[in-house]
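J.: Based on what follows, work out the 3D shape:
(2 chains)
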Amino acid sequence: MSGAQAKPDIALRVEDLKVHFGGKKRFFSGYANTVHAVDGVSFEVPAGKTFGIVGESGSGKSTTALAILRLAPITSGKVVLGDTVISDLEKEELRSERSRFQIVFQDPYSSLDPRKRAGAIVREPLELMKIGTLKERDEKVAALFVQVGLRPEQQALFPHQFSGGQRQRLGLARALSTRPELIVCDEPVSALDVAIQAQILNLMADLQKQLGLTYLFISHDLGVVQHICDIVAVMYLGQIVEQADRVSLFTNPRHPYTKALLEAVPSVHQNKRNRRERIRLVGDPPSPINLPKGCRFASRCPVAEARCHQEAPPLLEKENGHQVACFLA
Amino acid sequence: MSVFHRFWDSDFAWDFRHSPVAVVSFLVALLLVLSALFAPLIATINPFEPGNLNLMNGFTAPGTQNAFTGESFILGTDDQGRDVYSTILYGMRISLFVGFAAVALGMLIGVTLGLVAGYFGGWTDAIIMRIADVQLTFPSILVAMLIFGVAKGFTPVEYRDQLAIWVLILSIGLSDWVQFARVVRGATLVEKQKEYVQAARLIGRGAMPILVRHILPNVLSPVLVIATISLALAIIAEATLSFLGVGAPSTQPSLGTLIRIGQNYLFSGEWWILFFPSATLLALALSVNLLGDWLRDALNPKLK
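T.: Next up, the predicted model:
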């Protein structure tokens, strides 16, 4: 394994990450069913870039994010942040490294402690890590408020006195307060209305430019991903089926699943010809408990052949940086 | 706007003003608590001081003159010649003190164990909650009597009367922690799933600071309701234990002790010794309980 030789421009490297739930021996019912939530995911996030993971509900995108943050148990595989293997850290070591990776949550309501004032929420990480003097912390918190587009006076308010967009700004300020190397954004705008979504996305892009942030961006919204991500990975049932830079993925999707997803995006420019060619997905993804033998998408794939039901296609690079897991792509 | 004005304008205060039951119970409870607090100022004698008592005054009916001493007492006297009015005031001090202290003890134990059980789960949770379940299967007065008996056995004879109050508090407190533990555990299970707790873990907070700083403040409002209702129950439990003769010593009678004394003379016509302490206990327990009921509804937005 190549542990410490990470290239300096790679902020996060994930190697064959697996997160399985259940599977322990039970007293009465024998073995519990194993849910293969994340099943062998590998990718690299270059420093200063935004890496997007898209997929439908249950594809394992959020579990991947939680496992990287060490909030979900890792079954096997490696997560390397900078030159630290964070998947190997235990207890105290892990606690001391936690400030290096932060998250912006999906739900702007449950992600802020309702009994704490906004200033205290942003300040808590600074207190915990004993950064600077009390006065320097005051200044830092005020600066963070300005940075995310809030007024420093608003520190005295409680979370319920903010709107959804403002709460997400607070979440961003809290994540920024530790100066993390990686910010995981777990559907940060999907709970907001469209006008506010654009504001928050633009704010995130501005902050990235100013501070050189690295984002791992989880979303089910292709429009949002196209707006903000540099590299996009498409997940299906716990695995990456296609990964490419934004332009290549959106103009030249190769995996039938990606094609179907892109064509499911409603558009005002759609004409009749387009609609006839549209690939429709029928049915639900197979259960992550009893995985199919071959390609996981084969049961819903419009172009699947006999081979697809027997063998699982590996994720291979088809052209410069564009990886696809499909025999027919 | 001042803090008072903000409170006066809050939903909570509005709800209170528009609930006659809440206002009346609050006033009754306040009156009783204040009169217990200022008992030395408003009582005619200190009935806990044997030197103040005159046995010749025994069994004086309310409002009548005693045949031997010519003294009269507004609520009459008991068999020892104690002024019932003063004894009720002093007895209520014991009842309220034991009630508050027992609830505080039960709350401390229950909230702590509930937080720990809810947050850590697994074996910790299983052990704490099974103990709670077992204790729930016994009537709490039985548990209190058991603890009272055991604790009394451990205290030296010469300190027994002095320690009786503390033993009462311990036994009632230990018998009602379960309520708190169950409610706090449930609320903790909900809170710990919320993302702000994950955010706190992500900045490297340990389990104990998360419990105390983040989860505890968010699970306290149901605790307030249970504490109020438990207060009424604790006062009744104290009265029950004293009535049974195992609680407050007869030299320092609480309301329950007075009722026990009065019960002996009910059929010989001295009704006032039983009646006035019982009425006081009823007013106290009922007003606190109704206040707790109102509080539960007021803090539950789903009932509005």
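J.: my guess is residue A:58 contacts residue A:285, does it?
T.: Yes - with contact defined as C-beta atoms under 8 Å, residue A:58 counts as touching residue A:285 (6.5 Å). Yep, even glycine has a C-beta here, placed from its N, CA and C like the rest.
J.: okay, and the common contacts of these two?
T.: Residues touching both residue A:58 and residue A:285 (C-beta atoms under 8 Å, 6 or more residues apart in numbering or on different chains): residue A:237.
J.: Now residue A:89: closest residue in space, sequence neighbours ignored.
T.: residue A:97 (5.9 Å; C-beta to C-beta, 6 or more residues apart in numbering or on different chains).
J.: Correction: the previous question concerned residue B:186.
T.: Residue B:186's closest residue in space is residue B:118 (C-beta to C-beta, 6+ apart), at 7.1 Å.
J.: what residue ranges in chain A score low on pLDDT?
T.: Low-confidence segments of chain A (pLDDT under 70): A:1-8, A:23-32, A:267-279.
J.: picking up where we left off before, help me confirm that the residue nearest to residue A:89 comes into contact with residue A:84.
T.: Yes - here residue A:97 reaches residue A:84: they are 6.3 Å apart, a contact under C-beta under 8 Å.
J.: Return the set of buried residues in stretch A:10-24.
T.: A:10-15, A:17-21 (16 or more other C-beta atoms under 10 Å in any protein chain shown).
J.: ok, residue A:41 to residue A:65 distance?
T.: The gap separating residue A:41 from residue A:65 is 11 Å, by C-beta to C-beta, to the nearest Å.
J.: Between the two, which is the more surrounded one?
T.: The neighbour comparison of residue A:41 against residue A:65 (other C-beta atoms under 10 Å in any protein chain shown) goes to residue A:41, with 25 against 21.
J.: now the more buried one, what's its secondary structure?
T.: Classification of residue A:41 using DSSP: H, G, I helix; E, B strand; the rest coil returns strand.
J.: Need the nearest residue in space to it, chain neighbours excluded.
T.: Closest residue to residue A:41 apart from its sequence neighbours, by C-beta to C-beta, 6+ apart: residue A:17 at 4.7 Å.
J.: Phi and psi next, for that neighbour.
T.: Main-chain dihedrals, residue A:17, degrees, to the nearest 10: phi -70, psi 130.
J.: returning to that earlier point: quick one: which of the buried residues of stretch A:10-24 is nearest residue A:299?
T.: residue A:20 (21.2 Å; C-beta to C-beta).
J.: Can I take it that that closest one is in a strand?
T.: Yes - under three-state DSSP, residue A:20 sits within a strand.
J.: picking up where we left off before, what are the buried residues along the helix or strand where the residue nearest to residue B:186 lies?
T.: Assigned by DSSP states H and E, residue B:118 falls within helix B:84-120. Buried residues in helix B:84-120, counted by 16+ other C-beta under 10 Å: B:84-103, B:105-107, B:109-119.
J.: same check, this time on stretch B:256-276
T.: Buried residues in stretch B:256-276, counted by 16+ other C-beta under 10 Å: B:256-262, B:265, B:270, B:272-276.
J.: now residue B:150: how far from chain A?
T.: Residue B:150 is 36 Å from chain A, where distance means C-beta to the nearest C-beta, to the nearest Å.
J.: What is the strand or helix carrying that residue packed up against?
T.: Following DSSP H and E, one finds residue B:150 within helix B:140-154. Counting contacts by 3 or more C-beta pairs under 8 Å, 6 or more residues apart in numbering or on different chains; DSSP states H and E, helix B:140-154 packs against helix B:160-175, helix B:216-243.
J.: Recalculate using a threshold of 6 Å.
T.: helix B:160-175 (3 or more C-beta pairs under 6 Å, 6 or more residues apart in numbering or on different chains; DSSP states H and E).
J.: Restricting to C-alpha, output the very next helix or strand once past the helix it packs on in PDB.
T.: Counting by DSSP H and E, the next helix or strand C-terminal to helix B:160-175 is helix B:177-192. What follows is helix B:177-192, C-alpha atoms only, in PDB (Å, rounded to 0.1, in the frame of the first residue of the first chain):
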ATOM      1  CA  TRP B 177     -35.700   8.800  39.800                       C
ATOM      2  CA  VAL B 178     -37.100   6.300  37.200                       C
ATOM      3  CA  GLN B 179     -39.600   8.800  35.800                       C
ATOM      4  CA  PHE B 180     -36.800  11.300  35.000                       C
ATOM      5  CA  ALA B 181     -34.500   8.600  33.600                       C
ATOM      6  CA  ARG B 182     -37.100   7.300  31.200                       C
ATOM      7  CA  VAL B 183     -38.100  10.600  29.800                       C
ATOM      8  CA  VAL B 184     -34.600  12.000  29.600                       C
ATOM      9  CA  ARG B 185     -33.400   8.800  27.900                       C
ATOM     10  CA  GLY B 186     -36.100   9.100  25.300                       C
ATOM     11  CA  ALA B 187     -35.400  12.700  24.600                       C
ATOM     12  CA  THR B 188     -31.600  12.000  24.400                       C
ATOM     13  CA  LEU B 189     -32.200   9.300  21.800                       C
ATOM     14  CA  VAL B 190     -33.900  11.900  19.700                       C
ATOM     15  CA  GLU B 191     -31.400  14.600  20.300                       C
ATOM     16  CA  LYS B 192     -28.300  12.600  19.700                       C
END
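J.: Which single residue of the stretch 1-150 of chain B ends up nearest chain A?
T.: residue B:122 (12.6 Å; C-beta to the nearest C-beta).
J.: Would you mind pulling the contact partners of the host helix or strand of the residue nearest to residue A:89?
T.: Secondary structure assignment for residue A:97, by DSSP H and E: helix A:91-97. Contact partners of helix A:91-97, identified using C-beta atoms under 6 Å, 6 or more residues apart in numbering or on different chains, comprise A:89, B:204.
J.: Roughly how far does the residue nearest to residue A:41 sit from residue A:255?
T.: Taking C-beta to C-beta, one finds residue A:17 at 20 Å from residue A:255.
J.: ok, residues contacting the lowest-mean-pLDDT helix or strand in chain B?
T.: Scoring the helices and strands of chain B by mean pLDDT, DSSP states H and E places helix B:3-9 at the bottom, with a mean of 79. The contact list for helix B:3-9 (C-beta under 6 Å, 6+ apart) reads residue B:13.
J.: Just give the number of residues close to residue B:5.
T.: Residue B:5 has 10 nearby residues by other C-beta under 10 Å.
J.: Kindly report the same for the one 3 residues further on.
T.: For residue B:8, the tally of surrounding residues (other C-beta under 10 Å) stands at 14.
J.: Give me every residue in the stretch 101-250 of chain B lying close to chain A.
T.: Within the stretch 101-250 of chain B, the residues that sit near chain A (C-beta under 6 Å from any C-beta of the partner chain) are B:194-196, B:198, B:202-204, B:214, B:217-218.
J.: if I look at the residue nearest the centre of chain B, how far off is residue B:297?
T.: In chain B, the C-alpha nearest the mean C-alpha coordinate belongs to residue B:99, at 2.5 Å (C-alpha atoms, centre = their mean). To residue B:297, residue B:99 is 22 Å away according to C-beta to C-beta.
J.: check which helix or strand covers residue B:80.
T.: Judged by DSSP H and E, residue B:80 forms part of no helix or strand.
J.: so what's it up against?
T.: With contacts defined as C-beta under 6 Å, 6+ apart, residue B:80 is in contact with residue B:53.
J.: Distance from stretch A:226-243 to the middle of the chain?
T.: Chain-centre distance of stretch A:226-243: 9 Å, with C-alpha atoms, centre = their mean, to the nearest Å.
J.: Show the end-to-end separation of it, please.
T.: End-to-end distance of stretch A:226-243 (C-alpha to C-alpha, to the nearest Å): 13 Å.
J.: Check what contacts it and list those residues.
T.: Contacts of stretch A:226-243 (C-beta under 6 Å, 6+ apart): A:36-39, A:41, A:43, A:49-55, A:59-61, A:201, A:217, A:225, A:245-246, A:249-250, A:255, A:257-258, A:285, A:296-297, A:323-325.
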